[in-house]
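> build the 3D model from these lines:
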Amino acid sequence: MARNKRRAVGRLFALGIAFAHAASANAQTTAQFYQGRTVTLIVSTGVGGGYDNYGRLLIMYLPRYLPGSPATTIQFMPGAGGAVAANHLYNVAPRDGSTIGLISPQAPAFQVLVGGMRYDASRFNYIGRAATIQFVSMVWHTSGVTGLDDMKKTEVLFGSTGPSQTMHMIPVVLKNLLGLNARVVAGYKGIPELTFAMERGEITGITRDWAGWQSQHADWIAGRKLVPVVQSGPERARELPNVPLLTDLSRNAEELAVLQLLSSDAIIGRGFMMPPDVPPERVNAMRRAFDGAMRDGELLADAKRSGLDIEPMTGEALQALVGATIATPPSVLKRTRDVLEIK
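Okay, the predicted model is just below:
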């Protein structure tokens, strides 16, 4: 009897030690996981441009604030208007916290408008937004268009990489919702090809991010070779106070709801995320590391030198914003599909 009692006490003691070791291990899990590991950032565009710039900026400073201080690398995965990278992050990338992504902010809206996606944007684990994206529709100076009023008579031929992109959707909205003379030619491979096409006269307009216009074509802006006609974002860019927002053009509540849905990508902006099902403690660690990086004085100085705005949003707030986009009422989705000619 005494021997059995001693055995039972021994087992309880061993079990207590095991629990203590487990608790200790769990307290160190995140640091242990990331120590000596490489975190990969998947970017949904090619080298160059805003996605690349913001991606490199983040991964330079993120390890300072992530337990275990892992190494980082970047992998470019362009294609299908950002769908290639989104599908990879959702379906292929490991769900252990070693991969993060920077994909098209149009992904949530395109998912609810088109459907058939191989991802559910609401299931990504969002870790934070570095900045909004101000999209600006520019028209070439020889077109004769000096503002939206001129587009009531003069046609602007906008170039696009594909229908899932804001550069495609905004001109379609200008035509089908607002009755302006806009037409879209899709199939260009990227911004460099689009800008060459505009110089050659193949197209007369492009919609793209304002930061990209400023960093890559400041000479065109200074030389007035580009005419801004409309912008899409949470508020007007400081440098474009007289250029209307897309949402300024609504004539009733129904149109405003459509334009707000189509402007959601500008607010989601340079949003970073992780795949679904990543352990919660690693998602939280990544979110807090992101927050720390966005407050880092050296990051802010680097961003200023590079002409990159920093307008951070927490991962929790970004998660809620994407969820609200996914929950858009069916009546608004139907009207938006009609405007975009989505069957």
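
> how much space between Glu341 and Leu66?
Noted for Glu341: a distance of 44 Å to Leu66, by Cβ to Cβ, to the nearest Å. Quick note: C-beta positions are derived from backbone N, CA and C, even for glycine.

> pretty sure Tyr126 sits in a helix.
No. With DSSP: H, G, I helix; E, B strand; the rest coil as the criterion, Tyr126 is strand rather than part of a helix.

> surely it touches Gln319?
Yes. Look at Tyr126 against Gln319 with Cβ atoms under 8 Å: they come within range, at 4.6 Å.

> ok, which stretches of this protein are strands?
38-43, 71-76, 99-102, 125-129, 135-140, 156-160, 182-186, 205-209, 226-232, 271-274, 313-314 (DSSP state E).

> neighbour-wise, which of Glu341 and Leu66 wins?
Higher neighbour count among Glu341 and Leu66: Leu66, with 24 against 10, using other Cβ atoms under 10 Å.

> low pLDDT regions in this protein?
1-28 (pLDDT under 70).

> now the strands of the chain in CSV, with mean neighbour count and distance to Arg238?
Output for the strands of the chain, formatted as CSV (neighbours: other Cβ atoms under 10 Å; distance: least, Cβ to Cβ, whole Å):
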stretch, mean neighbour count, distance to Arg238
strand 38-43, 19, 27
strand 71-76, 15, 29
strand 99-102, 25, 24
strand 125-129, 26, 19
strand 135-140, 25, 12
strand 156-160, 25, 25
strand 182-186, 18, 26
strand 205-209, 26, 15
strand 226-232, 23, 11
strand 271-274, 28, 22
strand 313-314, 20, 19
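
> those strands: which one's closest to Thr166?
Ranking those by proximity to Thr166 (Cβ to Cβ) places strand 135-140 first, at 5.2 Å.

> what helices or strands is the closest one leaning on?
Other elements packing on strand 135-140 under the criterion 3 or more Cβ pairs under 8 Å, 6 or more residues apart in numbering; DSSP states H and E are helix 166-176, strand 205-209, helix 210-216, strand 226-232.

> compare these and give me the one nearest Leu62.
helix 210-216 (20.4 Å).

> now for the closest one, which elements pack on it?
helix 50-61, strand 135-140, helix 191-200, helix 218-222.

> okay, those in a markdown table with distance to Asp150 next?
Converted to a markdown table, the helices and strands packed on helix 210-216 look like this (distance: least, Cβ to Cβ, whole Å):
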| stretch | distance to Asp150 |
| --- | --- |
| helix 50-61 | 28 |
| strand 135-140 | 9 |
| helix 191-200 | 17 |
| helix 218-222 | 19 |
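
> winner for burial among those?
Among the helices and strands packed on helix 210-216, judged by mean count of other Cβ atoms under 10 Å, the one packed with the most neighbours on average is strand 135-140 (a mean of 25).

> next one: it to chain centre, how far?
20 Å (Cα atoms, centre = their mean, to the nearest Å).

> so what strands line up beside that strand?
strand 205-209 (antiparallel), strand 226-232 (antiparallel) (DSSP bridges).

> that strand vs helix 191-200, what angle?
30 degrees (axes from the mean of the first three to the mean of the last three Cα atoms, to 10 degrees).

> dump the C-alpha coordinates for strand 135-140 into CSV.
Coordinates of each C-alpha in strand 135-140 appear next as CSV, following Å, rounded to 0.1, in the frame of the first residue of the first chain:
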residue,chain,number,x,y,z
PHE,A,135,-4.7,56.1,-56.8
VAL,A,136,-4.5,58.9,-59.3
SER,A,137,-5.9,58.7,-62.8
MET,A,138,-3.5,60.7,-65.1
VAL,A,139,-4.1,61.7,-68.7
TRP,A,140,-1.3,62.5,-71.2
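
> that one to strand 156-160, inter-axis angle?
Orientation check (the same axes, to 10 degrees): strand 135-140 against strand 156-160 gives 130 degrees.

> circling back to that earlier point, okay if I get the helices and strands packed on strand 135-140 as CSV plus distance to Gly159?
Below are the helices and strands packed on strand 135-140 laid out as CSV (distance: least, Cβ to Cβ, whole Å):
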stretch, distance to Gly159
helix 166-176, 8
strand 205-209, 6
helix 210-216, 14
strand 226-232, 14
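
> closest to Ala131 out of the ones you listed?
helix 210-216 (7.8 Å).

> got a list of contacts for the closest one?
With Cβ atoms under 8 Å, 6 or more residues apart in numbering as the contact definition, helix 210-216 has outside contacts at 49-50, 53, 131, 133-136, 138, 191, 195, 220-221, 226, 231, 233, 237, 239-240, 306-309.

> now swap in stretch 107-115 and tell me
Contacts of stretch 107-115 (Cβ under 8 Å, 6+ apart): 81-82, 86, 104, 117, 119-122, 164, 261-262, 264-265, 268, 322, 325-326, 328, 333, 336-337, 340, 342.

> in that stretch, which residues are buried?
The neighbour-count check on stretch 107-115 (16 or more other Cβ atoms under 10 Å) flags Ala107, Pro108, Ala109, Phe110, Gln111, Val112, Leu113 as buried.

> any idea how far Thr166 lies from Leu66?
On the measure of Cβ to Cβ, Thr166 and Leu66 end up 31 Å apart.

> of the contacts of stretch 107-115, which belong to helices?
The helices, defined by DSSP state H, take in 86, 261-262, 264-265, 268, 322, 325-326, 333, 336-337, 340 from the contacts of stretch 107-115.
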